[in-house]
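A.B. asks: predicted model and sequence below, questions to follow.
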Amino acid sequence: MQISFLKITAATAALCFSTLAIAQQTYSVSGTVKDKKNGELLIGVTVKVSEDPTINVVANEYGFYSLSLPEGNYTIIISNPGYKDFEQQIKVDQNIKLDLPLIPQEEISKTIDEVVVTGIKKDKNLTSAQMGTETLSIKNIEKLPVLFGEKDVMKTIQLLPGIKSNGEGSSGFSVRGGATDQNLILLDEAPVYNASHLLGFFSTFNSDALKDASIIKGNSPAQYGGRLSSVLDVKMKDGNNKDYNVNGGIGLISSRLSVEGPIQKEKSSFIVSGRRTYADLFLKTSKDYKDNKLYFYDLNLKANYQINENNRIYLSGYFGRDVLGLGDTFSTDWGNTTATLRWNSIISSKLFSNTSFIYSNYDYKISLKNDDTVFDLNSKIQDWNLKQDFTWFAGNKHSVRFGLQSIYHTLKPSTAGGTSVSSYPRNPRYSWENALYINDDFKATEKLTINYGIRLSMFSVLGGDTFNTYENGVLTDSEFLEKGKFGKTYVNPEPRISANYRINEVSSVKGGYSRNTQNLHLLSNSNSGNPTDQWIGSSYTVKPEIADQISLGYSRNFNNNNYELNAEIYYKSMQNQIDFKNGAEIGFDTGADVESQLLFGKGRAYGLELIAKKKSGKLTGWISYTLSKTERKINGINNNEWYNARMDKTHDISIVATYQLNPKWSFSGLFVYSTGNAVTFPTGKYELNGQTIFQYSNRNANRMPAYHRMDLSATYEPSSNKRFRGSWTFGIYNLYGRENAYTINFEDNPDRPGTTRAMQTSLFRWVPNITYNFKF
């Protein structure tokens, strides 16, 4: 009896546990989110379940999502700005592959009052743990007034808090006290080492070829690394896989054209986008300047092919070049080349893989000729890069990213040659940079989200050159390292964590800490940057730069999330910062090791960032303000005391507005104001051998004049047929003709001997532009 009872009891318990296991069993609902009109994968879309608002996931940058749901009936909800809200009923009793197509709002209605999308993502600033992040709408960028009428991602991000322009017309920017080289700029995962054309007046990014752009100010997830201050991640369009489209624009000094369409409908597609300036064509009409050259071009290419429902390959490339020349006497050209071969694979309903092979090259050449005298200068930086990245949707509470990255760097230093100077050949330097990382986006509770991870970076100096060691500019050791041998290796762990706590339906608080390291360094003696600035790697003398950043934030939304207010404060401590010593010899014909001209120390940056946005209605835009301080302390400079960094600007204000008057006319305007850059002006002078020598005191103790300007533009879109659409954009840069200082030089005053005068150079007063845009 007892044995039978025990058997019955055991059988009953097993049945109960079996039933419980069945009741608790979950299934996966996974797939990709796409634009229904053109088949483009959509990035960062929130996928929710109507029956339980706490169950939601965000699609990764390749459009993949995965939900874990118990057996039952559910309503899947998606909302994304610019698209019609999407709902679909599903029955879950097994793993389901569900691709989700979103219909662009412009396809639903052309009336202005219906353009606004009310959706889940409008309160993303209250739910995401990611700090200091802004995603840019390519469509909104198109309407903002910019120099020469060229819509520009780089110019637009400079209107955001914490991001400061390096100067008039420049595409270079500083983020939270960092130098220009401390920004990681990616185009389809490939690093872009010089993201500007025509000395900074244009950026390398042709907006017609872009799908998405986002910038992260320091608190980046662990999959990003290699720079201290920010990540600008730009994604190219995949190409319309359903229909052929042509779009472009004709402006006063440049034109662009893009063609995209299916190779095999709904299975493969391509896009080709080109742009060129033609100022040189006008020069040819002049007798005095017909042999001169002044132009740039860039070409974006991308194609993709779906192998099967779980695997797709992509091949993308960028080719850009600037050419300047004065007859046969002077010529210079520089440019970037990037290529990315990517394989996306859905390994399972919860695991997504992205494998990328990446190539990047930046080089410049300068040539001077005078009779039989020749001077040549050239340099390059080249990368071969392997990246393996996994996204693991480990349930609805955890989204885990992990992987590795390996980069082989070749840096050819600036090398001078020719008949006019002694030749100082310099060997290329090689290095190998590796990283392992893991990051988890954890929904701890309904109100608390935590994003945490760690990146382990490793940088090895490789042989093929002589490596000197300097202490305060004095040579202390020298070692030749044979090619193929490993030299110094730096290993740095980089922990990152940020958290968001939602106080209520309309407000949240955030906090975060991150460490970043940087092993490639740009040597520049100007604030705006030049094509000839030199990249060097960490070595026996140059140590990896390290930054630790702490930030706190508060967000508040109003009027059903149509208004948004975000505030962040930050403090960033930096180690192994680099600057030239006083009186540095940085000429390319001296033969001096550039590392002998460098000094090293620490830096700090802290500030307050505010931005208020209006996101819907006929009038949209934002107001941003930054109050900040950026300093360096380097032994051997400024009596070993703290001094202002070149990019230090106390105040920075941007006001941006777009007004849709009716379906045909829209207007936009912006106003910017900033404190002048920190500079060093002479405090005295003396005469030596008939030449005036200026004396300088404290580094960067003076200021350029404050910078401010206003830009306006208007866009007219006449009635169009179903196939063809055209528009005219009229604009003016620097509406009230402010003569902002580009440089200030000091010289003897010929009218008052013995005195000195300051000569200011300004680039632009009024710059009108007209552009015709078309699409069919």
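C.D. replies: Looks like it arrived, so ask away.

A.B. asks: my read is that Asn702 contacts Thr683, right?
C.D. replies: No. Contact criterion C-beta atoms under 8 Å: Asn702 and Thr683 do not qualify, at 9.3 Å. Using the backbone N, CA and C atoms, a C-beta is placed for each residue, glycine as well.

A.B. asks: out of those two, which sits in the busier spot?
C.D. replies: Higher neighbour count among Asn702 and Thr683: Asn702, with 17 against 12, using other C-beta atoms under 10 Å.

A.B. asks: just the pLDDT for Gln2.
C.D. replies: For Gln2, the pLDDT comes out at 41.

A.B. asks: with Ile8 instead?
C.D. replies: On the pLDDT scale, Ile8 gets 42.

A.B. asks: check Thr650 too.
C.D. replies: On pLDDT, Thr650 comes in at 95.

A.B. asks: try the one 3 residues further on
C.D. replies: The predicted local distance difference test score for Ile653 is 97.

A.B. asks: report the beta-bridge partners for the closest residue to Asn734 other than its chain neighbours.
C.D. replies: Leaving aside its sequence neighbours, Asn734 sits nearest to Arg709 (C-beta to C-beta, 6 or more residues apart in numbering; 4.6 Å). On the basis of DSSP bridges, Arg709 is bridged to Val672.

A.B. asks: now do the one 4 residues further on
C.D. replies: The bridge-partner assignment for Ser713, based on DSSP bridges, gives Ser668, Gly731.

A.B. asks: who are the contact partners of it?
C.D. replies: The neighbours of Ser713, taking C-beta atoms under 8 Å, 6 or more residues apart in numbering as the test, are 143-145, 149, 667-669, 729-732.

A.B. asks: how close does it sit to Arg256?
C.D. replies: Separation of Ser713 from Arg256 (C-beta to C-beta, to the nearest Å): 17 Å.

A.B. asks: can you check Asn557 too?
C.D. replies: Noted for Asn557: a distance of 37 Å to Arg256, by C-beta to C-beta.

A.B. asks: Lys293 now?
C.D. replies: The gap separating Lys293 from Arg256 is 20 Å, by C-beta to C-beta.

A.B. asks: comparing the two, which residue is more hemmed in?
C.D. replies: With neighbours defined as other C-beta under 10 Å, Lys293 and Arg256 compare such that Arg256 has more, 22 against 19.

A.B. asks: ranges for the strands of the stretch 51-200 of the chain?
C.D. replies: If DSSP state E, counting those that start in this stretch is used as the criterion, the strands of the stretch 51-200 of the chain fall at 56-58, 64-70, 72-79, 86-92, 96-97, 100-102, 133-136, 163-165, 173-175, 183-187, 190-191, 196-197.

A.B. asks: returning to that earlier point: mind putting the contacts of Ser713 into a markdown table with distance to Ser137, neighbour count and pLDDT?
C.D. replies: Output for the contacts of Ser713, formatted as a markdown table (distance: C-beta to C-beta, whole Å; neighbours: other C-beta atoms under 10 Å; pLDDT from 0 to 100):
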| residue | distance to Ser137 | neighbour count | pLDDT |
| --- | --- | --- | --- |
| Lys143 | 10 | 19 | 74 |
| Leu144 | 11 | 21 | 81 |
| Pro145 | 16 | 25 | 76 |
| Gly149 | 19 | 24 | 69 |
| Phe667 | 18 | 17 | 94 |
| Ser668 | 13 | 23 | 93 |
| Gly669 | 18 | 19 | 93 |
| Thr729 | 17 | 23 | 91 |
| Phe730 | 22 | 16 | 92 |
| Gly731 | 19 | 23 | 91 |
| Ile732 | 24 | 18 | 92 |
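
A.B. asks: tell me the one of these nearest Ser174?
C.D. replies: Using C-beta to C-beta, Leu144 comes nearest to Ser174 of these, at 20.4 Å.
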